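A.B. asks: my questions are about this predicted structure, shown below with the sequence.
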Amino acid sequence: MSLSQKSLDVRAMAIVVSLCFLWGMGQVSIKLANRGVSPIFQAALRSVVAALLVALWARFRALPLVHRDRTFLHGLVIGLLFGTEFVFIYLGLSYTTASHAVIFLYTAPFFVALGAHWLLPNEPLSGRKLAGLILAFAGVIITLWDSLGRPTRLQIAGDLMSMTGGLLWAATSLYLKRVVRSSMTPSQMLFYQLGVSALQLSFMALFLEPRWIRGLDPLVITSLAYQGVVVAFASYLVWFWLIQVYPVSNLSGFTFFTPVFGVLLGGLLLHEPLTAKLLSGAGLVIGGMILVNWPEGWSR
């Protein structure tokens, strides 16, 4: 294979769909681990484990991870955004279902499209993207409507926390595009996010959560290891390899599989109700996501 490919081959498509499965499963693993570990401490543990693994991997590859100029300050900013994002994601999953959380988290591409219209001159809001935003907004309303039928109104709070996580994810992406651009390698971006968030989340857990461990069992421990080793470390490294070799616009078109897998796995593994409203809302959000992410160069 050449160093850079102009289009996706079968292997690349299989890899990116597999990554989407792992990321969809990530919401389920957080929900499972929340049964035995406090949310913010769980997020901190994930970042600590993954940051250490990235540091070891970079040392083995002789890759620099930290800057000595003002780029270091940008690294602190994206790390704090990343850490705050996961505070809302993990807390949200304490109140809402994994199926709902993955739908609201993946509103991030729509916030990116809106923000890029004003912040990035080369990415205006086209008619296709606007249609995607309208579809996604309708999906959000229907999914929130589904929460209104639940016994507790706390699910609405969890839904909104998950969507705030999506908003912060979008803010991180826009900051990287607008400010950082080419001054960081993918491994540096990942390390700043994991390393800074590890410190931020550890301090937050220390001051905000009096009881970190409620009960450990093999399922909780496996879920914690899955988040730190498989998702935050291995899957992100594979993703960065993909975007270095293949067109990122084409790869992003496949990420709609993540909420598909997240909703289905929530129903299958956590026995969450897959109601008509939930499936309709998910379908609209996924449809909007496809329109927003659809690469300009692809044929119909």
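C.D. replies: Good, I have the coordinates.

A.B. asks: quick check: residue 163 touching residue 101?
C.D. replies: No. Taking contacts as CB atoms under 8 Å, residue 163 lies outside contact range of residue 101: 9.3 Å. Placement of C-beta: from N, CA and C, glycine included.

A.B. asks: so between these two, which is more surrounded?
C.D. replies: residue 101 (29 against 24; other CB atoms under 10 Å).

A.B. asks: what helix or strand is the more buried one on?
C.D. replies: helix 98-105 (DSSP states H and E).

A.B. asks: so where's the stretch 1-150 of the chain uncertain?
C.D. replies: Applying pLDDT under 70 to the stretch 1-150 of the chain flags residues 1-8, 123, 149-150.

A.B. asks: no, scratch that, I was asking about the stretch 201-300 of the chain
C.D. replies: 247-250, 253, 293-300.

A.B. asks: do a quick rundown of the strands in it.
C.D. replies: In the stretch 201-300 of the chain, no strands are found when defined by DSSP state E, counting those that start in this stretch.

A.B. asks: residue contacts, residue 264?
C.D. replies: By CB atoms under 8 Å, 6 or more residues apart in numbering, residue 264 lies in contact with residue 24.

A.B. asks: for residue 191, same thing?
C.D. replies: Residue 191 neighbours (CB under 8 Å, 6+ apart): 51, 54, 55, 58, 65, 66.

A.B. asks: try residue 260
C.D. replies: With CB under 8 Å, 6+ apart, residue 260 has these contacts: 20, 24, 282, 286.

A.B. asks: nearest spatial neighbour of residue 101, chain-adjacent residues omitted?
C.D. replies: residue 162 (4.3 Å; CB to CB, 6 or more residues apart in numbering).

A.B. asks: does residue 82 really touch residue 196, like I thought?
C.D. replies: Yes. With contacts counted by CB under 8 Å, residue 82 reaches residue 196, the gap being 7.2 Å.

A.B. asks: out of those two, which sits in the more crowded spot?
C.D. replies: The neighbour comparison of residue 82 against residue 196 (other CB under 10 Å) goes to residue 82, with 24 against 21.

A.B. asks: in terms of helices and strands, where is that one?
C.D. replies: Counting by DSSP H and E, residue 82 is part of helix 71-92.

A.B. asks: list the buried ones in that helix?
C.D. replies: Judged by neighbour count using 16 or more other CB atoms under 10 Å, the buried positions of helix 71-92 are 74-75, 77-92.

A.B. asks: just to revisit the earlier point, ok and the helix or strand just after the helix holding residue 101 relative to helix 71-92, angle-wise?
C.D. replies: Once helix 98-105 ends, the next helix or strand along the chain (criterion: DSSP H and E) is helix 108-119. Using axes from the mean of the first three to the mean of the last three CA atoms, to 10 degrees, the direction of helix 108-119 lies 140 degrees away from that of helix 71-92.

A.B. asks: so how far is residue 217 from the residue nearest to residue 101?
C.D. replies: 26 Å (CB to CB, to the nearest Å).

A.B. asks: which one's more surrounded, those two?
C.D. replies: residue 162 (29 against 11).

A.B. asks: excluding chain neighbours, give the residue nearest to residue 285 in space.
C.D. replies: According to CB to CB, 6+ apart, the nearest residue to residue 285 is residue 139 (3.6 Å).

A.B. asks: next one: residue 100
C.D. replies: Nearest to residue 100 is residue 159, by CB to CB, 6+ apart, at 5.4 Å.

A.B. asks: cool, residue 19 as well?
C.D. replies: Nearest to residue 19 is residue 235, by CB to CB, 6+ apart, at 5.4 Å.

A.B. asks: ok, that neighbour - contacts?
C.D. replies: Taking CB under 8 Å, 6+ apart, one finds 19, 22, 23 in contact with residue 235.

A.B. asks: same deal with residue 287?
C.D. replies: For residue 287, the contacting residues are 132, 135, 139, by CB under 8 Å, 6+ apart.

A.B. asks: any idea how far residue 135 is from it?
C.D. replies: Taken as CB to CB, the span from residue 287 to residue 135 is 5 Å.

A.B. asks: returning to that earlier point: can you tell me which of the contacts of residue 260 are in helices?
C.D. replies: Among these, DSSP state H puts 20, 24, 282, 286 in helices.

A.B. asks: phi and psi next, for the nearest residue to the last one once chain neighbours are set aside.
C.D. replies: This points to residue 286. Nearest non-adjacent residue to residue 286, counting by CB to CB, 6+ apart: residue 256, 5.0 Å away. Residue 256 adopts backbone torsions of phi -60, psi -20, taken as degrees, to the nearest 10.

A.B. asks: can you get me a residue count around residue 256?
C.D. replies: There are 21 residues near residue 256, going by other CB under 10 Å.
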